[in-house]
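**Student:** okay, sequence plus prediction incoming.
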Amino acid sequence: MPQPRQTEKPAVGIVFDSALSRVDDALAMALLYGLDGKKEERFVSVSVSRVSLKAAIYSDVVGRFYAGAVSGAIGFGGRTLPVGLADSGTLKNDEPFFTQPLVKTLVDGKPAYPSDIHDESDTGEVAAVIRNALTAQWDANTIVVVSGPASNLVRVLETGGAKDWIQRKVKLLVFTGGRFPDGPAETNIKADVESARRLFAEWPTPIVACGAEMDGLVSYPGSSIEKDFAWSPAHPVADAYRAGGVMPYDAPVWAMHSALYAVRPQEGYFKVSDTGTIGVLDDGRTRFTPSSGGKHRYLIFDPAQKERIVKTYTEIASAKPVPRPQRIPLPKQQKPAEPKKPLEEKPDEKK
Amino acid sequence: MTFTRKALARRTFLRGAGAAVGLPFLDAMVPALSFGKTIETPVRMAFVYVPIGAIMEHWNPSYTGPLGELPRILKPMEPFRKDMLLLGNLTHNGGRALLDGGGDHARATGGYLSGVQPRKIAEDSSYGDRNGHSTAAIKAGITADQIVANQIGGKTRFASLEVGMEDAQQAGNCDSGYSCSYTNNLAWKSDTQPLPPTLDPRALFERLFGDDGDLSPQARERRNLYRRSILDYVTEDSKKLETRLGPADRSKLDQYLTSVREVEVRIQQNEKDNRQIDPGMEKPGGTPGDFAEHFKLQSDMITIAFQADLTRTVTFLVGREGSNRPYREIGVPEGHHNLTHHRNNPEMIEKVAQINCYHMRTFAAWMEKMKAHQEGDRSLLDNSMIVYGSGIADGNRHTHEDLPTIVLGSGGGFLKPGRRLVYRRETPICNLYLTMMEAMGVHRENFGDATGHLPGLTAA
């Protein structure tokens, strides 16, 4: 179907890669979809660095929840945005906060959150998902947000020609991990030390790290879930929150910091260090070395912004999706398909 | 031709006045001491492009693994289930708009075999691309067939063969500001040099078998005057050759030359027919009005070119991308392109499906011939890799993921056919080409937008 050529630079595109290790990763997705609804950015790619089909299904469920409401939830050609899923990695277990919503049913017995993903073939190859999303962006108009190990981004770096696309299309990488200016090794780095080392050494654009010292200084108020999400009888992020602890509890927001800074870097929610270079030691510790020509910086918490940050998170993460008309109506065959039935399928025949 | 006691060279030609006819693989080409050993026969590759995708609900089966019952469009391929790979979720990202607006047809073909997004040109020369770059010249990318041709093309008379059926226009705007070079060519020698396909069966025949360089204008005039078969010119040479062949080879040679002669006769007959019937669309001279007959002529010559090892790399553009060709012969007088924008109208969907089935039946008839020809202990088809597909999946919505893609043959045992393999979403179709290059003896780390080889495709 012919489309008009885009002649005006659109809002910045967001590539979000997460391990879905904690509920703040789900909250960060809600925040990004909310900001997309406000047209401050476009959520153009979502991928999972945990080797878990259910983590990919949960990401798809959140995307479908917003499908038709925000620009990023419908991807190329009208299908839901393909969820990239890691082929390998040290994080493999399923977490209750993203598995329990998947079994929730409505009063008629139907799944509360249907998904297009039934097996691995319904997920995307990570390197292709992220690279292809970049190819569709204006130059220097994409920000990559990572909350998890660096493995998926290194997979992109290893793909032929991808480094050129990254250099051309990405203006900033915000990485949730490490500890700055130094300190004990942090879990996202420890999950794949070699990839972290390569990412900080080879990634061609500026990087802002949101270190573990930023974690735990602000919390998401549990009371917001029952109050601010009440407009929806079945909200996949609210249900993930409920499944993530004993209600009411206050949840971490570390990943949300990275997402918020990526979209609103100039609004003073956080302070930022001078430039330098982040190195990764063999034991997973990170070390920041100041230098005027360095491409790396890290976020610094500003206690004066605490209430403002919480208010922003609760308002935007719980915002209703903003309906936008679809350019092309979904055809009949795009409705959720029946699961594929393998015929004598062998393990090596479908990767 | 000079005969010795040694084995015949693989690239032996029968020659006469201005004509040269390649030969199929004969037992006499095997050195005596090699009997009992594995015979190394060449591996061939061909890319057969059909326009505007397919009705995918009649293409994709609901299973993976060994090929079982095939969906409607693929039904004609039932006899080839063990020879075929049915691949799912392959993507041509360069076919997408990527902020360049309309032009999915041009992008579908223009980058199908290179994995790039072709550069949009426009009527207005001041109309730059989205980053303000000049868009004055065409630009796509070198195609997979040409990567192979560059490396192994010197082993055959033609490094590659480009065959088409519909539209030779190279200049002008054919799709939303994209040059006709993109819709009407499948093979690109470089990012700025398309290789236009030969559409006229006679021109293709003469390219393959007529040695125009040695043919004087007088000789050509005499040949046209008497309308003798090209084979007549090589009769003496073929008689000499027959004395060196065993009964099996003599029979094989006779069958082969008969098939060459049949193609020639059909071309001559079609030239006569063309003067008597109105095909309902513009046609170059000498081209049959009937789609199936045109396809048969072109594909028969590709088969012969493979048999005679005239080339090992072929691209076959069955229709220009965005083709609005009617198919009156199967009761579809409406244009193909118009029908594909069916907007879920069942009648229009049914007619597109009929066109898809017609294309597939025609293709299956060709594959039958490829399979019938034996080379040592394998068929010609088995020694080949024939990709049949399109750079668009859903013609109504112009999607470029989950492309309709089948591969016939095993590339001499390199691939493991007979299966339905569904890859991860967004898997570049260039990953398939990268793996096929390996089968052709061409090793590359990267190609186009490939992210690696397709897993599980090979027999190893």
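**Tutor:** Nice, thanks for sending it over. Residues are numbered from 1 along each chain as shown, chains lettered A, B, ... in the order given.
**Student:** counting neighbours, what do you get for the residue of the stretch 351-460 of chain B found nearest chain A?
**Tutor:** Nearest to chain A, among the residues of the stretch 351-460 of chain B, is residue B:446, at 3.0 Å (Cβ to the nearest Cβ). Bear in mind the C-beta positions are built from the backbone N, C-alpha and C, glycine included. For residue B:446, the count of nearby residues is 15 (other Cβ atoms under 10 Å in any protein chain shown).
**Student:** please apply the same query to residue B:69.
**Tutor:** For residue B:69, using other Cβ under 10 Å, the count is 10.
**Student:** give the contact list for it.
**Tutor:** residue B:61 (Cβ atoms under 8 Å, 6 or more residues apart in numbering or on different chains).
**Student:** can you pull out the strands in the stretch 101-250 of chain A?
**Tutor:** A:124-125, A:142-147, A:170-176, A:207-210, A:219-220 (DSSP state E, counting those that start in this stretch).
**Student:** give the other helices and strands that the fourth one contacts.
**Tutor:** With contacts defined as 3 or more Cβ pairs under 8 Å, 6 or more residues apart in numbering or on different chains; DSSP states H and E, strand A:207-210 has these neighbours: strand A:170-176, helix A:254-263, strand A:296-300.
**Student:** highest mean neighbour count out of the ones you listed?
**Tutor:** Sort those by mean neighbour count, taking mean count of other Cβ atoms under 10 Å in any protein chain shown, and helix A:254-263 sits at the top with a mean of 27.
**Student:** so for whichever helix or strand comes after that one, mean pLDDT?
**Tutor:** Next helix or strand after helix A:254-263 toward the C-terminus (DSSP states H and E): strand A:271-272. For strand A:271-272, mean pLDDT rounds to 98.
**Student:** just stretch B:338-345 next, same as before
**Tutor:** Here the average pLDDT along stretch B:338-345 is 94.
**Student:** quickly check: it near chain A or not.
**Tutor:** Yes: counting by Cβ under 8 Å from any Cβ of the partner chain, chain A is contacted by stretch B:338-345 at B:341, B:344.
**Student:** now that stretch: buried residues?
**Tutor:** Neighbour-count burial for stretch B:338-345, counted by 16 or more other Cβ atoms under 10 Å in any protein chain shown, picks out B:339-340, B:342.
**Student:** nearest to chain A among those?
**Tutor:** Closest to chain A, out of all of those and judged by Cβ to the nearest Cβ, is residue B:342, at 9.6 Å.
**Student:** so the residue nearest to that closest one when sequence neighbours are not counted is in which element?
**Tutor:** Distances taken as Cβ to Cβ, 6 or more residues apart in numbering or on different chains place residue B:348 nearest to residue B:342, at 3.6 Å, with adjacent residues excluded. Secondary structure assigned from DSSP H and E places residue B:348 in helix B:346-372.
**Student:** now do residue B:455
**Tutor:** Residue B:455 belongs to no helix or strand, assigned by DSSP H and E.
**Student:** that one: neighbour count?
**Tutor:** Residue B:455 has 17 nearby residues by other Cβ under 10 Å.
**Student:** what does it show for phi and psi?
**Tutor:** phi -70, psi 150 (degrees, to the nearest 10).
**Student:** equivalent analysis for the one 3 residues further on, please.
**Tutor:** Summarising the backbone geometry of residue B:458 under the convention degrees, to the nearest 10, its torsions are phi -90, psi 160.
**Student:** residue B:415 is in contact with that one, correct?
**Tutor:** Yes: Residue B:458 lies in contact with residue B:415 (Cβ atoms under 8 Å); the separation is 5.9 Å.
**Student:** higher neighbour count, those two?
**Tutor:** residue B:415 (24 against 16).
**Student:** any weak-confidence spans in chain A?
**Tutor:** Applying pLDDT under 70 to chain A flags residues A:1-6, A:67-81, A:323-351.
**Student:** give the buried residues for the helix holding residue B:348.
**Tutor:** Across helix B:346-372, burial judged by 16+ other Cβ under 10 Å covers B:348-349, B:351-360, B:362-364, B:366-367, B:369-371.
**Student:** what of stretch A:31-44?
**Tutor:** Within stretch A:31-44, the residues that count as buried by 16+ other Cβ under 10 Å are A:31-37, A:41-44.
**Student:** what residues are bridge-paired with the residue lying closest to residue A:203 once chain neighbours are set aside?
**Tutor:** Counting by Cβ to Cβ, 6+ apart, residue A:203 lies nearest to residue A:173, which is 5.9 Å off, once chain neighbours are set aside. Beta bridges link residue A:173 to residue A:144, residue A:207, judged by DSSP bridges.
**Student:** strand partners of the helix or strand following the helix holding residue B:348, parallel vs antiparallel please.
**Tutor:** Going down the chain from helix B:346-372, the next helix or strand is strand B:374-375, by DSSP H and E. Here strand B:374-375 has these sheet partners by DSSP bridges: strand B:378-379 (antiparallel).
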